[in-house]
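Colleague: Here is a sequence with its predicted model. Questions after.
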Amino acid sequence: MRVCFFSRLASDHVHGGLQSDLDSRARWLVERGHEVTVLTTAHPQLGDVQTRDGMSLHFLQGTSPERQNGTWRRKSLERFLQLHRSNPFDLVIMVGGGGWQYARLRKLHPEVPPVVMLMQSPLLWNLSATMRYPSPLNLVRSLWSLYYLMCWNRRYGRSVDAVLVLSESVRRAALAEGSFNDEQVHVIPNGVNTRCFRPCERPREIRERWGIRQDDPVAIWVSRFRAEKGWRETLGTASLLRKRFPRFRLILAVAGLRAGRARLMALMRKLDLTSCVIVAEDVPHSKLAEYYQAADVLLAPLHGPEGQPLILIEAMACGLPIVASAIESVTEIVVDGTYGSLVSRFRDPKELANAAIPFLENREARVRAGVRCRERVLAVYDERVASKRTVDLLERIAGMPETAISPIHTAAVSAT
């Protein structure tokens, strides 16, 4: 089976949840013996066509890196048609809204290969998030969300053969949007490589590199440098934890810091954290497990909305207790008091610090929660389970484009 992905960005541009989702699904297809091509926007340091992890990536020259606009839609569709004429594809996968131009083609020409949408964050969620924090930039983002909702999702949503979402909360939001029907939406959680992300005694080399003693309390925050990922709240929490634990250290594994470095360093200086915070920029995903293993607890004060925060699952697979915000989708993964602590008032560093203290000062509580975390990931979020279910579904869609496919739901995903 030949599969073509449309995605405005890949992990070669910047690390993030959407990119990790793309990499996982593409890798699973390659491992099953399928041929994968990814069409994405230009990369400032990479040429037009690259090969990585068994897939062919086309960084379309003349497009703006990471930008989803008219030029991207035109050039990506042109490249698809060029490749399709020479060697036809069997299935198209659009990552988020990166492939609406193909859904439009599918509506006009039903004979072209079927299309599946990988949805992480429904437009209504994006709209609510930008309206929550009024600013000129978020006003522009809100207008763009409305544009896509009315001009693309509502017009061409029914032309998508299936919508693959990561959680029940995303499914509910996708259906509330009114662009899709119940039969189109399938829930299959993403998974992690539990052979890579696993518990380990604190890697001595990482701690020694940063001057961390083996008995120092360490928290970790992992995400892109975006306000809604909670980096400010995490630094505020670190300031309080340092007062309780003089040798407390915080690891910030941050992606896409770029121009935000000045803001981050300014807040660290204001809170007098420069000596206890370790900033690890753009950590390769293949090395990320070592950073989790070097920590005692994950801090994740995510503002939301979130489709399926993969950092929670990765940390849990490594046996880390979770201190996170009590928002939809997080509560599907983490049970308060069983796998860590969920905080309703997650904007308040005091609340976050109070939730983290029991795991930092009590090794028995930390280990007990970590064992439960690992067990949950093995039962629900192991990628060997997720990959089989995902590829089985994609193969069915590619082999039966005219056949209605019953939606797949995952009752086991609820964290109860």
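Modeller: Cool, got the structure. Quick caveat, the model's predicted, so the values are computed rather than measured. Numbers count the residues shown, from 1 in each chain.

Colleague: Only C-alpha atoms from now on, for both contacts and neighbour counts.
Modeller: Fine.

Colleague: per-domain residue ranges of the chain.
Modeller: Domains of the chain are assigned by automatic domain parsing as 2-191+383-413, 204-380.

Colleague: Now tell me which of those the model trusts least on average.
Modeller: Of all these, mean pLDDT reaches its minimum on domain 2-191+383-413 (a mean of 89).

Colleague: Could you pull up the contacting residues of residue 307?
Modeller: 120, 121, 165, 166, 167, 169, 170, 329 (CA atoms under 8 Å, 6 or more residues apart in numbering).

Colleague: Which single one of those is nearest to residue 283?
Modeller: residue 120 (22.2 Å; CA to CA).

Colleague: Can you get me a residue count around that closest one?
Modeller: 23 (other CA atoms under 10 Å).

Colleague: do residue 377 as well
Modeller: As a measure of burial, residue 377 has 24 neighbours, counting by other CA under 10 Å.

Colleague: quick one: secondary structure of it?
Modeller: helix (DSSP: H, G, I helix; E, B strand; the rest coil).

Colleague: can you pull the contacts of it?
Modeller: Neighbours of residue 377 in contact, by CA under 8 Å, 6+ apart: 194, 313, 316, 317.

Colleague: Apply 7 Å and report the result again.
Modeller: When contacts are counted by CA atoms under 7 Å, 6 or more residues apart in numbering, residue 377 touches 313, 316, 317.

Colleague: For this structure, just list every one of the strands.
Modeller: Ranges of strands in the chain, per DSSP state E, are 2-6, 35-41, 49-52, 55-60, 91-95, 115-119, 162-165, 185-187, 218-224, 249-255, 277-281, 297-300, 322-325, 340-343.

Colleague: so can I have CSV of the domains of the chain showing distance to residue 198?
Modeller: Formatted as CSV, those follow (distance: least, CA to CA, whole Å):
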stretch, distance to residue 198
domain 2-191+383-413, 13
domain 204-380, 4
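
Colleague: excluding its backbone neighbours, what's nearest residue 141?
Modeller: In space, and not counting its chain neighbours, residue 141 is closest to residue 130: 6.7 Å by CA to CA, 6 or more residues apart in numbering.

Colleague: likewise residue 184?
Modeller: In space, residue 184 comes closest to residue 162 once its chain neighbours are excluded; the distance is 4.6 Å by CA to CA, 6+ apart.

Colleague: how close does residue 362 get to residue 101?
Modeller: According to CA to CA, to the nearest Å, residue 362 and residue 101 sit 54 Å apart.

Colleague: Tell me which of these two has more neighbours.
Modeller: Set side by side, residue 362 and residue 101 show more neighbours around residue 101, with 19 against 10, by other CA under 10 Å.

Colleague: What is the neighbour count of the closest residue in space to the more buried one that isn't next to it in sequence?
Modeller: Counting by CA to CA, 6+ apart, residue 73 is the residue found nearest to residue 101 once chain neighbours are left out, at 5.9 Å. The number of residues packed near residue 73 is 19, by other CA under 10 Å.

Colleague: thought residue 73 was touching residue 100?
Modeller: No: applying CA atoms under 7 Å as the test, residue 73 and residue 100 come out as separate, 8.0 Å apart.

Colleague: Quick check: neighbours shared by those two?
Modeller: Contacts common to residue 73 and residue 100, judged by CA under 7 Å, 6+ apart, are absent.

Colleague: circling back to that earlier point, the residue nearest to residue 141 contacts residue 143, correct?
Modeller: No: using CA under 7 Å as the test, residue 130 is too far from residue 143 to be in contact (9.7 Å).

Colleague: And these two? Which one has more around it.
Modeller: Shown here are residue 130 and residue 143; by other CA under 10 Å, residue 130 has more neighbours (18 against 13).

Colleague: Quick one: residues contacting that one.
Modeller: Residue 130 touches 138, 141, 142, counting by CA under 7 Å, 6+ apart.

Colleague: Is it possible to get CSV of these that adds distance to residue 31 and neighbour count?
Modeller: Formatted as CSV, these follow (distance: CA to CA, whole Å; neighbours: other CA atoms under 10 Å):
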residue, distance to residue 31, neighbour count
138, 40, 16
141, 37, 17
142, 39, 21
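
Colleague: Identify those among these that sit within helices.
Modeller: In this view, the contacts of residue 130 that belong to helices under DSSP state H are 138, 141, 142.

Colleague: Going by distance to residue 296, which of those wins?
Modeller: Nearest to residue 296 among these: residue 138, at 35.5 Å, using CA to CA.

Colleague: what's near enough to touch the closest one?
Modeller: Applying CA under 7 Å, 6+ apart, we find residue 138 in contact with 130, 131.

Colleague: how near is it to residue 381?
Modeller: According to CA to CA, residue 138 and residue 381 sit 34 Å apart.

Colleague: now residue 208
Modeller: Distance from residue 208 to residue 381, by CA to CA: 32 Å.

Colleague: Mind checking which of the two has more residues around it?
Modeller: residue 381 (25 against 11).

Colleague: Isn't the more buried one up against residue 191?
Modeller: Yes: counting by CA under 7 Å, residue 191 is a contact partner of residue 381 at 4.5 Å.

Colleague: okay, now the closest residue in space to residue 203 that isn't next to it in sequence: neighbour count?
Modeller: Distance criterion CA to CA, 6+ apart; nearest residue to residue 203, sequence neighbours excluded, is residue 294 at 5.8 Å. Neighbours of residue 294 under the rule other CA under 10 Å: 26.

Colleague: Same check on residue 52?
Modeller: Using other CA under 10 Å: residue 52 sits among 10 other residues.

Colleague: Please apply the same query to residue 290.
Modeller: 20.

Colleague: And it, how far from residue 253?
Modeller: With CA to CA as the criterion, residue 290 and residue 253 are 11 Å apart.

Colleague: Quick check: the gap between the residue nearest to residue 310 when sequence neighbours are not counted and residue 82.
Modeller: Using CA to CA, 6+ apart and skipping the chain neighbours, the partner closest in space to residue 310 is residue 17 (6.7 Å). Noted for residue 17: a distance of 30 Å to residue 82, by CA to CA.
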